[in-house]
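Visitor: return a 3D structure for these sequence lines:
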Amino acid sequence: MNELVSIIVPVFNVEMYLPECIESIINQTYKNIEIILVDDGSRDKSGEICDLYSKEDTRIKVIHKKNTGVADSRNVGLKCAEGEYLFFVDSDDMLRSHTIELMLKILYEYNADMVCAEWTYLNGNNASYDDVISDVLVMNTQQAMRYYAQKEWHPWNKLIKKQIHENIEFPNYKIHEDEAIRFKILSKCNKIVKLDAKTYCYRKREGSITASSSENVDRMDMFYSRMDSLQWLERNYHDIAVLFLNKVCEDALYNLGLLVKVKRNPQITNKINEIIAFANKYYLKIMFNRYCKVSYKLRFTLVKLSNWKKTDCLYVRFYRLIGR
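Guide: Presented below is the predicted three-dimensional model:
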């Protein structure tokens, strides 16, 4: 067990947290790693920090580029990766010291194509680690696709064979770009292992792309990503598409709730119209889908009945009434 593992870290304006992140990777108990730091045109000292660490550790590669977003940064890292296995880390997060060793050991033990683990929130310098494995879920392709059609998906905290990611790039969305390729990745895996060990620390902070986007209309990227997945599933795995439709409904309604709270302008109106178009196209499928929540069915019925030319339409009044 001495194969090279490529750890890809997209970096953008995280000078306060980047040293902790890099050191948590450098100090992995599994030493045969390459660390690819992709500086996405940072305006703070993040790029300089990357360069300093690369001088101290020859396993670190630094790529400086213009700011084109986290998706492109991951794609650039993929093209440079020389390892047989891939692992993504966000530049403000941290790893447990034996994360790579543990997950690589499980990958070998079960002859898997991908190993996924759990994560915990990192608040300040404190994290609740529970990296003892008490449950292992082994899934084939169909089982994994059904499982993750009902779960959240992130690019990080997954150890994956590099060949699985070949010819699969992250689409250029601002956030949740990984949502669009989850099923493409899973479809190429014959065996996936899911651990309950919390080996990754996720830092939720103000100013991050995901955190800031969750409170404005940019969160439509999540809807777009899930729509990409839904349409791909409809062409390739119809039974999984039926199951996944509930997740797309969830995000469409969440975004609609954000949009009706802000003042109308052409951009907002266009985004509302995109969700209405989704409701019109999928209305009957939603109504007859046993996996879609009843509350979602009721809300999409209100979307259909509302006169959206009026800013105070039926759906808006309903949304205000329930206070959500």
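
Visitor: point out where this structure drops to low pLDDT.
Guide: 123-131, 205-218, 322-324 (pLDDT under 70).

Visitor: so what's residue 225 closest to, chain neighbours aside?
Guide: Among residues not flanking residue 225 along the chain, residue 179 sits closest, at 3.6 Å (C-beta to C-beta, 6 or more residues apart in numbering). To be clear about C-beta, it is placed using only N, CA and C from the backbone, and glycine gets the same treatment.

Visitor: meant to ask about residue 191
Guide: In space, residue 191 is closest to residue 112, 4.5 Å off (C-beta to C-beta, 6+ apart).

Visitor: ditto for residue 85
Guide: Using C-beta to C-beta, 6+ apart, the closest residue to residue 85 is residue 5 (4.6 Å).

Visitor: isn't residue 165 right up against residue 79?
Guide: No. Assessed by C-beta atoms under 8 Å, residue 165 is found out of contact with residue 79, at 10.7 Å.

Visitor: these two: which has the busier surroundings?
Guide: The neighbour comparison of residue 165 against residue 79 (other C-beta atoms under 10 Å) goes to residue 165, with 19 against 9.

Visitor: so what's that one up against?
Guide: Neighbour list for residue 165: 78, 86, 185 [criterion: C-beta atoms under 8 Å, 6 or more residues apart in numbering].

Visitor: 10 Å instead, please
Guide: Residue 165 makes contact with 74, 78, 81, 86, 114, 181, 184-185, 188, according to C-beta atoms under 10 Å, 6 or more residues apart in numbering.

Visitor: pull out the buried positions in the longest strand anywhere in the chain.
Guide: Taking DSSP state E as the criterion, the chain has its longest strand at strand 192-203. In terms of neighbour count (16 or more other C-beta atoms under 10 Å), strand 192-203 has its buried residues at 192-195, 197-203.

Visitor: what's the offset of that strand from the middle of its chain?
Guide: Relative to the centre of its chain, strand 192-203 is centred 14 Å away, using C-alpha atoms, centre = their mean, to the nearest Å.

Visitor: then stretch 294-305?
Guide: Put simply, stretch 294-305 sits 27 Å off its chain's centre (C-alpha atoms, centre = their mean).

Visitor: go on, stretch 249-257?
Guide: Worked out by C-alpha atoms, centre = their mean, stretch 249-257 lies 17 Å from the chain centre.

Visitor: how about it as CSV, C-alpha atoms only?
Guide: The C-alpha trace of stretch 249-257 is given here as CSV (Å, rounded to 0.1, in the frame of the first residue of the first chain):
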residue,chain,number,x,y,z
CYS,A,249,-38.2,19.8,-5.9
GLU,A,250,-36.7,20.6,-2.5
ASP,A,251,-34.2,23.0,-4.0
ALA,A,252,-36.6,24.6,-6.5
LEU,A,253,-38.9,25.5,-3.7
TYR,A,254,-36.1,26.7,-1.4
ASN,A,255,-34.9,29.0,-4.2
LEU,A,256,-38.4,30.2,-4.9
GLY,A,257,-38.7,31.1,-1.2
